[in-house]
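S.K.: have a look at this prediction, sequence included:
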Amino acid sequence: MDVYEKLKILADAAKYDASCSSSGVDRSENDGVGIGTACAAGICHSFSADGRCISLLKVLQSNACCYDCTYCTNRRSNDRPRATFTPRELADLTIQFYRRNYIEGLFLSSAVWRSPDDTCLQMLETLRILRKEYYFRGYIHVKAIPGADARLTHQLGLFADRMSVNIELPSEQSLLRLAPDKNKQAILRPMGQIHEEIHQSKHGLVRYRHAERFAPAGQSTQMIIGATNDSDYQIMKLSEGLYQKYQLKRVYFSAYIPVMSHPNLPAREGFRPPLLREHRLYQADWLLRFYGFQADELLDAEHPNFHPLIDPKANWALNRPALFPV
Amino acid sequence: MLRLSRQLPLSYQYDGSFEGFLCCVFASFSAHGRPAAIVAEGEEEQQGFLPVFRIETDREQAARVYRSIPQKISPQALVFVEHAFRSCLEGKELLLLDFLDQGYDCGARVLRRLTDDTVHALTAAVRSYNNEAEQYRQFLRFSDYQGVLVAQMEPKNDVLVDLAPHFTARFPRESFLIYDVKRKKALVARPGKWTVVVLEDFVLAAVSQEEARIQTLWKLFYDTIAIESRINERCRMSHMPKRFWKYMTEFHPSPVAKDHDTAENESFLLKT
């Protein structure tokens, strides 16, 4: 199988990951031995036909998964072509794209190939070639693999700018229902570790100039919206908790897009991705992150979902006429 | 020293360079009068019936005006003037002359006079200039010709030199060339140095097989990464206006590679 076939399969498998930001780290000076810089605001290099930005080469290392998550096209019981990049192929492709100003860096995720540790080792080797052989100073976003050894996650963080662990679904029941091989603890453990290490690294940098930098652009996560009947209220409460407890930079929401049929999933025929709901959640997310709102102010148990026609801020105002006397 | 009659409205003609423009400023101030127009060489048809006064570019005069801007106005004003001069605003020379006149009068505050027609027009032009420079940092596409990276572009504003710091910092070990198709000039960079040269005739040869392979891979990635059920043309166009598409690899027809052995002239042709 050549690189063309692999890229076709592995880019297709990675496209549902919402995050494509290349922001949060500034390396404007290159010492002249390597290639690449990173700018704090990030740079979008292209926009695909769906209007989403293309900033990073977003691919999986492998889609040969040993898990069987119901919502996922890469689950092992699904009959589809499988491919795995060798670390060398992927590093070379990244550099060739980067030289031509196609991309700002690499977004590397992976299905669990053989075992979490084996997967992690492959990804580590890709990043090692980029950082230590090509002296690549561009942006790298890497997914932590839940269940991998903590030392491997640590190594990934030293090479990457941003790390993320996908929380996948907004509640434990949903996870149990749709992703039986994953569990809440397995997802939260690396998230906690990354948070801890970012904190330590920042602390260490204050004391020692040469302290190791661990994921300097922080941590993010993503969850699927609309595959289960979790309410907006639950989602907002969860996001708020994640921002507070793990100091995430972003929580990404991804409108569920049916890629397969299963009795546990919404019917495929006539299903339209809840794009408006996704939009409302992002609006509310901005209120949480930048405007000091709390989830309980925006929604409550009696009104667990956002009104599709009114934005969350207007909705908040309409529910509090006493604050806006005419 | 030049002494021009105050009564007679004149049209200044200069060589089109920034230094030449600074000499126009010098001439205007030493004559205690404003010209009715300032026209760059090659734009003669716009000047109409006014008598033309040719301003020769004098490095010393230009340097005096150049130094005066950060001293008497502010360092930001100098950057502002340089960017506005490279913008595509029509009649920018006369507006800049007025801007400097006001600036010498009131100092750094002139940049905040946004209700003034001159400052407002120039601020909009500078914003357009900076936006376009950023867009070319995003959308410029290089192709590899025997190890030299070559890109083409057609910007509205003259953003070429503003791309140099970004790309030289990013590719410190590459040789690259960015060609401005309309203005017929190119930014040429080698490790550690760069310069702008005039290239009248610029023809690109066919790409090598390896380059064609990478371009095909990029087009494949671009087409694969879009999610069919979220297609949104309007959104794509507002983020990435169509005028940039012409030189972007992802919108090119599939590249045709030349065979290495049969290619008569593999390198791109440069005639200065």
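M.R.: Structure received.
S.K.: grab the CA positions of stretch A:142-153 and hand them over as PDB.
M.R.: Output in PDB follows, covering the C-alpha atoms of stretch A:142-153 (Å, rounded to 0.1, in the frame of the first residue of the first chain):
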ATOM      1  CA  VAL A 142      -1.200  15.000  19.700                       C
ATOM      2  CA  LYS A 143      -3.900  12.900  21.200                       C
ATOM      3  CA  ALA A 144      -3.100  11.000  24.300                       C
ATOM      4  CA  ILE A 145      -4.100   7.400  24.100                       C
ATOM      5  CA  PRO A 146      -6.200   6.400  27.100                       C
ATOM      6  CA  GLY A 147      -4.700   3.300  28.800                       C
ATOM      7  CA  ALA A 148      -1.200   3.900  27.700                       C
ATOM      8  CA  ASP A 149       1.700   4.000  30.200                       C
ATOM      9  CA  ALA A 150       2.000   7.300  32.000                       C
ATOM     10  CA  ARG A 151       5.700   7.600  31.000                       C
ATOM     11  CA  LEU A 152       4.800   7.400  27.300                       C
ATOM     12  CA  THR A 153       2.200  10.100  27.700                       C
END
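S.K.: so residue A:109 touches residue A:57, yeah?
M.R.: No. Between residue A:109 and residue A:57 there is no contact, the gap being 11.4 Å when judged by C-beta atoms under 8 Å. For the C-beta atoms, the positions are set from N, CA and C on the backbone; glycine is no exception.
S.K.: quick one, domains of chain B?
M.R.: Chain B breaks down by automatic domain parsing into domains covering B:11-131, B:140-271.
S.K.: okay, the ones you listed in a markdown table with distance to residue A:164, mean neighbour count and mean pLDDT next?
M.R.: Converted to a markdown table, the domains of chain B look like this (distance: least, C-beta to C-beta, whole Å; neighbours: other C-beta atoms under 10 Å in any protein chain shown; pLDDT from 0 to 100):
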| stretch | distance to residue A:164 | mean neighbour count | mean pLDDT |
| --- | --- | --- | --- |
| domain B:11-131 | 30 | 17 | 92 |
| domain B:140-271 | 18 | 16 | 87 |
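S.K.: closest to residue A:253 out of the ones you listed?
M.R.: The closest of the domains of chain B to residue A:253 is domain B:140-271. By C-beta to C-beta, the value is 13.3 Å.
S.K.: quick check: closest non-adjacent residue to residue A:9.
M.R.: residue A:83 (4.3 Å; C-beta to C-beta, 6 or more residues apart in numbering or on different chains).
S.K.: the one you found and chain B, how far apart?
M.R.: Separation of residue A:83 from chain B (C-beta to the nearest C-beta, to the nearest Å) stands at 13 Å.
S.K.: that residue: what's it in contact with?
M.R.: Contact partners of residue A:83, counting by C-beta atoms under 8 Å, 6 or more residues apart in numbering or on different chains, are A:1, A:5-6, A:9-10, A:62-64.
S.K.: what kind of secondary structure is residue B:151 in?
M.R.: strand (DSSP: H, G, I helix; E, B strand; the rest coil).
S.K.: list the contacts of it.
M.R.: Neighbouring residues of residue B:151 by C-beta under 8 Å, 6+ apart: A:101, B:140-143, B:176-179, B:247.
S.K.: how about the residue in chain A positioned nearest to chain B, secondary structure?
M.R.: Proximity of chain A to chain B (C-beta to the nearest C-beta) peaks at residue A:51, 2.7 Å away. The three-state label given to residue A:51 by three-state DSSP is coil.
S.K.: show the pLDDT at the residue nearest to residue A:9.
M.R.: The pLDDT attached to residue A:83 in the predicted structure is 94.
S.K.: ok, it to residue B:65 distance?
M.R.: 63 Å (C-beta to C-beta, to the nearest Å).
S.K.: quick check: which element contains residue B:121?
M.R.: In this structure, residue B:121 sits in helix B:117-139 according to DSSP states H and E.
S.K.: does chain A have contacts with that helix?
M.R.: Yes. Contact between helix B:117-139 and chain A, assessed by C-beta under 8 Å from any C-beta of the partner chain, occurs at B:137-139.
S.K.: against which helices or strands is the helix or strand hosting residue B:100 packed?
M.R.: Using DSSP H and E, residue B:100 falls within helix B:92-106. Other helices and strands packing on helix B:92-106, by 3 or more C-beta pairs under 8 Å, 6 or more residues apart in numbering or on different chains; DSSP states H and E, are helix B:18-30, strand B:37-40, helix B:75-86, helix B:117-139.
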